[in-house]
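In: Provided below are the primary sequence and the corresponding predicted coordinates.
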Amino acid sequence: MTEHTFPYISLMLLSLPLAAILIWLLDVRLARWVALGAALLDLALAVAMVVAFDSSVGEFQFVESAVWIPTLNIHYQMGVDGISLLFLPLTTLLFLGVVVISWNSVRTMPRLYFILLLLLETATLGIFTALDTMAFFLFWELSLIPSFFLISLWGVGPNRRFAASKYIMQMLIGGVPLLFGFLLLAFNHADGGLVFDYLRLLSEPLGQEPQGVVFLLLLLGFAVKTALFPLHTWLPTVAMEGPLGLTAILLGIKLGVYGLIRFAIPLAPEAAQQFHWLLAGLGVIALLYGALMALVQTNLRRMLAFSSMSHVGLVVLGLASFNIEGIQGALFALLNFTVISGGLVLLTAMLHQRIGTNEVITLGGVATTMPLLAALFFLFALASMGIPGTNGFIAEFLLIIATLKSHTGAGLAALFALILGAGYLLAHYRRVFYGVARSQAILAAQDIRGRELLLIAVLAVIVLVTGLYPSVILDTTRSAAELWLNGRNMP
Amino acid sequence: MPLKLIPLIPLLPLLAALWIAIGYAFGGNRGEVGERQTSHLALFASGMSLLIILAVDVMALVDGTAPGQLLVGEWLAVGSFVLNISFTLDTLGLAMTTLVALIAFLTLRFSVNYMHREAGFQRFFMVMSLFSGAMLLIVSAGNAALMFIGWELAGVSSYLLIAYLFDRPTATASATRAFITNRVGDAAFILALFLTITWFGGVEWPDLLQGVTRLDGLGAGLLAGAFLIAALAKSAQFPFAPWIGRALEGPTPSSAIFYGSLMVHAGVYLLLRLAPLLEQVPALSPLIIIIGLLSTLYGWLGAQVQSDVKSSLIFATTAQVGLMFITIGLGWYEVAALHLMAHASWRALQFLSAPSILVQSEKPPRAVAAWLRRQRWLYHASLQRFWLDDVSDALLLRPTESLAREVEHFDSAVVNRVVGHVQSHSEIGTGRGVAGRAMEWLAIRLEWLEENLILRSGGEGLIGLISRIGSQAQAIEKLLERPRYLWLMIMATLVVII
């Protein structure tokens, strides 16, 4: 831990609300420019952090700590390690993408829209960097407020208000076990006092007995956000009704699994190992359930939502294996989602902006007038299927190898889901992009170009580069992943 | 010197594919103007690959030995598992790579004229470059994982070639089917890779082939079985055979070459590579022979009843590859290898000349042999391609689809009701008064109808009916627009009124 580092994280977290205030003060026409500037600034800061990061060390870096609420012993403590570092540039990139696709499409109250978007980005970055369980929890709950208003005010579906309240209710209910879990952790610490400091919780783990309860509480809380069966029902609803930008964020940034990796498993390590069957079971159910559901969907966004549920199931399955292939594959896969699922939803959003719908029945022949959109969608679909040359392959391969090693039956199920995955993606691809153009809107639509093309091209480059040269990611996560796997106390 | 360039053999065509794609995305090579640039690039890449492998050949001839295993570097390392970039250019690898590079180059050259002014010229050369890169990777790869990469890329590019004319529903359906059939083989390949990694710690061919001698019967059988399934799916053997019969939707004979004379042999090549493993499992040989025999019969009988030249060629291919499987089952690996090379070259020539033969020959296609016509059932079965597609539909596809439907129903009827938060009423709008209420009631019912009947039927059912009714109504309206009918109508109305 270096003593005095440049406060990258605080700068990132501060710049966004400041930009939000600026949007409030300035003219409506400048709103999107300020949002773009803030998103770019944070992306630059995140990239600078990646450059300055020392990946040979598994410990936390760029740690900033200050007492926040002294009576409760809560700290504003932030930092990143190899596990969380790469989420920052990819998250900021995805938010930048959302700003880009909202450029002309948000007509009503654009100022409020961009303010909420920036606040959501603040909360998301806070979740990835918080090293105090209470600070984490605050960011976690804070992310709900902008999401609620984004869904209910700018949703594309007719039932957007219902979707917003469904999302919020389920998330708030999921928050309760999380809070109890963190409180149990704080009260049961060896010191006797309240401890919310993640680093101390990590280095002096809990006794055997309370671990089981803590793990199950945290698992329950994170399972809601992860959309594990049967707590997944909010995901397709929000994907259908919510604004497409938010759908990209929800499908691309998998905060629930991150919570499992960061808090649930390392803070109750023995219990997590004991309950490996539970994790594996939840994983394999989500994997198959999502894949089967995706097969019969009639809307592109709903299909993508279930496909994302299926992929997350594979990640949880890989985590349950507790071996190095599993954790490395899981981290790789989570980082991939930001680019792949995010990219697919952004392309779907561009389609929606042109045709006005994502219902499969009204689409068809999109490739005739929008060859670039079709080709890029195909590239991201290939990555989602795990075809070599794309980053999806590395993650999927590692996860399947890890799973076959530890839970052979579940691994065979994953191989089956691999075939289903090709089935639902290609069947939907065929119906949407191939064939004869079904409507005037498709015939009149223009292909993607300019800033849209640039955005998707950047994502496509990431898909290919990390797919062909996976060491970029694997080397960054390696030390932290090994530390995660072996625990900090063991030599 | 040529040894250092070996990685370029599969890399150059892949780079050419990437460059064509980028050029198209940013408008550099579109339209007829871009054709020259595109084809030159693809030909250059393919030609350089060919030159490099020929140089390696010459070197091997001078030295008297093939270069063998070449390690280029580490690709990815996770824990104890390391994946290398390496190439195996032993006698088999060298011969196969030369053959593939040669056929790929000649086919590309042929396509330049054939595809002139076709829509999608750039796309075609992009996919062809991808395909040749993938094939070259399969035959030159130094380990199983690298071969798998080529294996899957070849699958993707064959999907793209079959779906080349993407406005034809049959073409895209066949492409999807071909890819998913191949995917079954890919899953088996991944299983085999896993077993290899667990048992031998690495996937390099020499490690694998030396390691197998230490395996017990069951282990070796499992490994060989997994590889065999992968080989059967790729080589379109029984019971995976039908996909290739549907794969002839591609634009030219030159794309047919790729799965008719190159990719279809990938499975045979895999088994040849694994010869020491197969020798370890004598119990598998009868199975391979039986599968080969069934495929040969399937291909031979199927070819008898085809009426177009491309289809009969592809069925003949299945039969010939079946023969190769039989020879492999018998343990005559050199024979199978020779057969492979001869067949690949001969079939490539046939596919390329097929369209010209069609144009120039005036003879009608030969009638089905008399003896086959007498065997009514056999004739029928051959015409129906032995119902293999229908069987796989009935046993795999439809059960999966209905399972998915049931899961969907379960999700909305049970899970959503128990866990979520169900919407009490739709937010279509609330009406006031009798008329408003009636309207609301109607709207809710119609929404239900749309969600449950129209959208789920995928558009083929109810929408088809509605559009038929619509077109008939339009026809009636057109009739009415003609003046004499209008007059008739007016007179009829008058008659009724009076």
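Out: Received the coordinates, thanks. Residues are numbered from 1 along each chain as shown, chains lettered A, B, ... in the order given.
In: show me what contacts residue 296?
Out: I went with chain A, as the question did not name one. Residues in contact with residue A:296 (CB atoms under 8 Å, 6 or more residues apart in numbering or on different chains) are B:401, B:404-405, B:408, B:456. Every residue, glycine included, has its C-beta placed from N, CA and C.
In: my bad, chain B
Out: B:318-319, B:322-323, B:326.
In: could you point out where the chain is predicted with low confidence?
Out: No chain in the question, so chain A it is. For chain A, applying pLDDT under 70 flags the ranges A:1-4, A:191-192, A:488-491.
In: Hmm, no, I was thinking of chain B.
Out: Low-confidence segments of chain B (pLDDT under 70): B:1, B:250-256, B:364-365, B:420-430, B:451-467, B:478-488, B:494-498.
In: would you list every one of the strands in it?
Out: Counting by DSSP state E, chain B has strands at residues B:68-78, B:81-89.
In: With the stretch 1-150 of chain A instead?
Out: Secondary structure of the stretch 1-150 of chain A (DSSP state E, counting those that start in this stretch): strands at A:61-69, A:74-80.
In: packing partners for the longest one?
Out: Yep, that's strand A:61-69 we're talking about. helix A:8-25, strand A:74-80 (3 or more CB pairs under 8 Å, 6 or more residues apart in numbering or on different chains; DSSP states H and E).
In: Throw the contacts of residue A:296 into a markdown table and include distance to residue B:68, thanks.
Out: A markdown table is the format used below for those (distance: CB to CB, whole Å):
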| residue | distance to residue B:68 |
| --- | --- |
| B:401 | 49 |
| B:404 | 49 |
| B:405 | 54 |
| B:408 | 54 |
| B:456 | 58 |
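In: so which of the residues you listed is the most crowded?
Out: residue B:404 (21 neighbours; other CB atoms under 10 Å in any protein chain shown).
In: Tell me if I'm right that that residue and residue A:295 touch.
Out: Yes - with contacts counted by CB atoms under 8 Å, residue B:404 reaches residue A:295, the gap being 4.2 Å.
In: which residues touch the closest residue to chain A within the stretch 201-350 of chain B?
Out: Proximity of the stretch 201-350 of chain B to chain A (CB to the nearest CB) peaks at residue B:226, 10.3 Å away. By CB under 8 Å, 6+ apart, residue B:226 lies in contact with B:188-189, B:191-192, B:195.
In: just the buried members of these?
Out: In the contacts of residue B:226, burial by neighbour count holds for B:188-189, B:191-192, B:195, counting by 16 or more other CB atoms under 10 Å in any protein chain shown.
In: Between those, which sits nearest chain A?
Out: residue B:191 (6.3 Å).
In: The closest one against residue A:418, yeah?
Out: No - counting by CB under 8 Å, residue B:191 stays clear of residue A:418, with 10.5 Å between them.
In: what's near enough to touch the closest residue to residue B:235 other than its chain neighbours?
Out: If the residues on either side of it in the chain are set aside, residue B:235 comes closest to residue B:267, at 3.1 Å by CB to CB, 6 or more residues apart in numbering or on different chains. By CB under 8 Å, 6+ apart, the contact list for residue B:267 reads B:230-235, B:237, B:321.
In: Need those residues in JSON lines (columns: neighbour count).
Out: As requested, these are exported to JSON lines (neighbours: other CB atoms under 10 Å in any protein chain shown):
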{"residue": "B:230", "neighbour count": "28"}
{"residue": "B:231", "neighbour count": "27"}
{"residue": "B:232", "neighbour count": "24"}
{"residue": "B:233", "neighbour count": "25"}
{"residue": "B:234", "neighbour count": "29"}
{"residue": "B:235", "neighbour count": "27"}
{"residue": "B:237", "neighbour count": "28"}
{"residue": "B:321", "neighbour count": "28"}
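In: In helices, which of the residues you listed appear?
Out: B:230-234, B:321 (DSSP state H).
In: on that earlier part again, most packed of the strands of the stretch 1-150 of chain A?
Out: Neighbour counts (mean count of other CB atoms under 10 Å in any protein chain shown) averaged over each of those peak at strand A:74-80, with a mean of 23.
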